[in-house]
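Chemist: Everything below, folded, please.
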Amino acid sequence: MNGVTESDANLAIDATGAPSYLVRHGAMRFLGVYDASPRSAIRRGDVAILRTERGLEIGHILRPATPEAVAAIPEPTRGEILRVATNEDRAKIAAIEAARDADLAAATKLVNQFRLAMQFVDVERLFGEERVIFYFMSEHRVDFRELVRGMAREFHARIELRQIGVRDEAKLLADFGDCGKPVCCNTHMFVMPPVSMRMAKLQKSTLDPTKISGRCGRLKCCLRFEQDVYEEFQRELPPVGCRVVTKSGPGRVLAQEILARRLLVEFEDGRRLPVPANDVLTRL
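Modeler: Just a heads-up that it's a prediction; the model follows:
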């Protein structure tokens, strides 16, 4: 269903009587709670014009802001839904997007002029044009005060420069992952989770960096998503080296197949056989 049901809308009305919605906005895909006029006709998936802490922005309506949905978002932004985007608004949105490459080219020219060791990744021009935000990468701290003044003269707007890392770069620019789906960091993820090689080893993933690295070049976030299940299942299995008594006799655990819930057991007669965890009678 694309529309908001009456029961959902009732749950999303704040103390002032205004309905509230969860909205995604900005190049970094912020999530926030935004109030709308009681008379507004807003549907899930609508493109809307918002008043945020940064100014006038474009946002995408996700769903009514029920208490359960809001509780799932760490530090949501707040503001107001001014209107669903009109044809004129959509034309301006298209013009802003069309100017993106030219904006980046002009900014890069100024960086070269000031000989700064930085690389622009993306630009975000707010709908209200109160400010233009440039995202850049650099291996070192950069004194860009003169650059900002030059950019303010070039763009006739308030300029913000935000230094980002490789994972944020993927969030801004990446499209699809190796799985064939849109990358998680620019769809549903609120925060970037820590991922370690220990997780890859536990999940018996290949340790080839080219196969377990995401678009950002770091370990794939999906390793973190599956880690809790692996740890839960592993706790239920006898550890490697443990002596067990199975339906086939006593033996020693050589390895675990965590998701299959099986063990590789070496029996006293030298046989090595896979044994379902349910066949383990006791641990010695």
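
Chemist: all helices for the protein, in order.
Modeler: 6-11, 67-71, 87-98, 100-114, 145-155, 166-173, 197-202, 209-212, 222-235 (DSSP state H).

Chemist: Which of the ones you listed sits closest to R125?
Modeler: helix 87-98 (5.1 Å; Cβ to Cβ). The way it works is simple: take the backbone N, C-alpha and C, and place the C-beta from them, glycine included.

Chemist: chain center to the closest one: distance?
Modeler: 26 Å (Cα atoms, centre = their mean, to the nearest Å).

Chemist: Just the residues contacting that helix, thanks.
Modeler: Helix 87-98 is contacted by residues 47, 49, 58, 83, 85, 125, 127 when judged by Cβ atoms under 8 Å, 6 or more residues apart in numbering.

Chemist: For this protein, just list every one of the strands.
Modeler: For the chain, the strands defined by DSSP state E occupy 20-25, 30-35, 47-51, 56-64, 77-84, 119-125, 131-137, 158-163, 243-246, 249-257, 262-267, 272-276, 280-283.

Chemist: Strand 56-64 and the first one, what's the angle between them?
Modeler: Looking back up the chat, that one is strand 20-25. Counting by axes from the mean of the first three to the mean of the last three Cα atoms, to 10 degrees, strand 20-25 lies at 130 degrees to strand 56-64.

Chemist: again with the third one
Modeler: Angle of strand 47-51 versus strand 56-64, following the same axes, to 10 degrees, is 120 degrees.

Chemist: Buried residues, strand 47-51. List them.
Modeler: Of the residues in strand 47-51, 48-50 count as buried by neighbour count, 16 or more other Cβ atoms under 10 Å.

Chemist: With respect to A106, which of the strands of the chain lies nearest?
Modeler: Nearest of the strands of the chain (Cβ to Cβ): strand 119-125, 9.6 Å.

Chemist: averaged over its residues, what pLDDT does that closest one have?
Modeler: In this model, strand 119-125 has a mean pLDDT of 95.

Chemist: So which bits of it are buried?
Modeler: For strand 119-125, using 16+ other Cβ under 10 Å, the buried residues are 120-125.

Chemist: so where's the chain shaky on pLDDT?
Modeler: Low-confidence segments of the chain, defined by pLDDT under 70: 1-17.

Chemist: dump the residue contacts of the nearest residue to L237 once chain neighbours are set aside.
Modeler: Counting by Cβ to Cβ, 6 or more residues apart in numbering, L237 lies nearest to Q256, which is 5.2 Å off, once chain neighbours are set aside. Applying Cβ under 8 Å, 6+ apart, one finds that Q256 lies in contact with 234, 237, 239-240, 262-264.
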